[in-house]
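1. Sequence and predicted structure are below.
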Amino acid sequence: MRVGIPRSLLYYKYLPFWKTFLTGLGLEVETSPLTNKKILSAGVKVAENELCVPVKAFYGHCMSLRDRGVDALFVPRVVSVEERAYTCPKFLGLPDMIGAVADNLSLPPLLTPKLNQREKPSEFKWQLINFAREQFGLGLLDAVAALESAKVAQRRYEESLVAGRRPLDLLPASKLNRARWRAPVKGRPKRIGLLGHPYNIYDGYITQNLIARLEETGVELIVPEMTDHHVLMEAATDVPKQLYWSYEKEIMGAINHWTGNRLVDGVIYVLAFACGPDSLIQVLIEHRARQHRVPLMSLTVDEHSGEAGLVTRIEAFIDMLTRKSAISAA
Ligand code: SF4
């Protein structure tokens, strides 16, 4: 049986885990191609207009996998990934949203394990073991073995990210979002913290090759994945009111960690138009940057984002950072 994993949303966070787990269940795994015009346009046509662009892209990736003839689509319902916190409501409802259009679009059947660690982290293990047993008839020992191998693959992936590798270096190859050259820089390169959900910042089509554009200016990039998860979670507590969403906590933890330890000269925050959780933490992020006198640029992306405007804004931001350090040095 060939199972398709759409290359959008939590793909960038958990592909090593999902791929190893599903392979351990005896399935063949296929991922959709990089987001491109055809995939995004197809998603935009069928998704509700008010959804954020990565979810619209997700629809397009499902259709792309359908066209590749997979037997099933993997669309987990990720409710919670830690105690007393939730993910974005879109992740909770994703199987329903895709399921609602599945017949019309002739999508293959969906595999939708429910993952909810809100009450007890150990439930995650049993949710996956039961999924393996009920859906594929695996014995307990085989299901546990698949789960343990998946955990090892994910741990290795996360360790590599903390060591400075990027998801783009470790996941199936991407031609997009890679710098083709680097501008020569005098002195220490500017260090920019690139903030945002992995499915936004690493999707070269959605963000118009943002990472490559930035690196071509000669800046040094820091991303949240380069910091240990526990450090991010600890740093995220330094806010007036505890956050409710796990992935937004990571983003908040990153800016708190970077600014508190003077690790960055500036921060670029990428957020999707119509994203509820991001628009709420945006206020906290702006406050934090102001408090620590770190320049911040927010970039809102949607399906209409254009490359020309992006390049102009990046250049203006880097110029401003260069002028700021020249003034401080004078
Ligand atoms: S967190 Fe925002 S960008 Fe991410 S899926 Fe939810 S609404 Fe979309």
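-> Received it, and whenever you're ready, just let me know what you need.

2. Do a quick rundown of the helices in this protein.
-> Applying DSSP state H to the chain gives helices spanning 11-24, 37-46, 53-67, 89-102, 123-136, 140-162, 167-170, 198-201, 210-216, 229-235, 246-260, 276-291, 307-329.

3. Output the set of residues of the chain in proximity to the ligand.
-> Residues of the chain lying close to the ligand by Cβ under 6 Å from any ligand atom are 52, 54-55, 88, 90, 197, 272, 275-278. Where C-beta positions appear, they are placed from N, C-alpha and C, glycine not excepted.

4. re earlier: nearest approach to Val185 belongs to which of the helices of the chain?
-> The minimum distance between Val185 and these falls on helix 307-329, with 9.7 Å, by Cβ to Cβ.

5. The closest one packs against which elements?
-> Helix 307-329 sits against helix 210-216, strand 266-272, strand 296-301, with contacts defined as 3 or more Cβ pairs under 8 Å, 6 or more residues apart in numbering; DSSP states H and E.

6. Write a PyMOL command that selects only the buried members of the residues of the chain next to the ligand.
-> Here is the PyMOL selection string for the buried members of the residues of the chain next to the ligand, based on 16 or more other Cβ atoms under 10 Å:
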select buried, resi 52+54+55+88+90+197+272+275+277+278
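
7. which one of the residues of the chain next to the ligand sits closest to Ile255?
-> Asp278 (12.6 Å).

8. How much space separates Leu221 from the ligand?
-> Distance from Leu221 to the ligand, counting by Cβ to the nearest ligand atom, to the nearest Å: 21 Å.

9. and that residue, what does it touch?
-> Residues near Leu221 by Cβ atoms under 8 Å, 6 or more residues apart in numbering: 191-194, 211, 214-215.

10. Please name the nearest non-neighbouring residue to whatever residue of the stretch 101-250 of the chain ends up closest to the ligand.
-> Here the residue of the stretch 101-250 of the chain nearest the ligand is His197; by Cβ to the nearest ligand atom that distance is 5.3 Å. Nearest residue to His197 in three dimensions, chain neighbours excluded: Tyr247, at 6.2 Å (Cβ to Cβ, 6 or more residues apart in numbering).

11. Kindly tell me how buried that neighbour is, as a neighbour count.
-> The local packing of Tyr247 (other Cβ atoms under 10 Å) involves 23 other residues.

12. these two touch, right, it and Cys88?
-> Yes - with contact defined as Cβ atoms under 8 Å, Tyr247 counts as touching Cys88 (6.8 Å).

13. give me the number of residues near Ile285?
-> 23.

14. Check the gap between it and Arg313 for me.
-> Distance, Ile285 to Arg313, using Cβ to Cβ, to the nearest Å: 17 Å.

15. Likewise for Leu161?
-> As judged by Cβ to Cβ, Leu161 and Arg313 stand 27 Å apart.

16. go on, Met320?
-> For Met320 relative to Arg313 (Cβ to Cβ), the value is 11 Å.

17. Could you do Lys19 as well?
-> Lys19 is 36 Å from Arg313, by Cβ to Cβ.

18. Those two: who's more crowded?
-> Between Lys19 and Arg313, Lys19 has the larger neighbour count (other Cβ under 10 Å), namely 23 against 14.

19. helices and strands of this structure: which one bottoms out on pLDDT?
-> helix 167-170 (a mean of 77; mean pLDDT, DSSP states H and E).

20. Residue ranges in the chain under the pLDDT threshold?
-> Residues of the chain meeting the criterion pLDDT under 70: 173-181, 184, 308, 329-330.

21. Could you list the domains of it?
-> Domain assignment for the chain by automatic domain parsing gives 2-162, 175-329.

22. Dead centre of the chain: give me the residue that sits there.
-> Centrality entry for the chain: nearest residue to the mean C-alpha point is Pro198, 2.3 Å, by Cα atoms, centre = their mean.

23. Excluding sequence neighbours, find me the nearest residue to that residue.
-> Closest residue in space to Pro198, ignoring its immediate chain neighbours: Tyr12 at 3.7 Å, by Cβ to Cβ, 6+ apart.

24. got the end-to-end distance for stretch 97-114?
-> Stretch 97-114 has its terminal residues 15 Å apart, counting by Cα to Cα, to the nearest Å.
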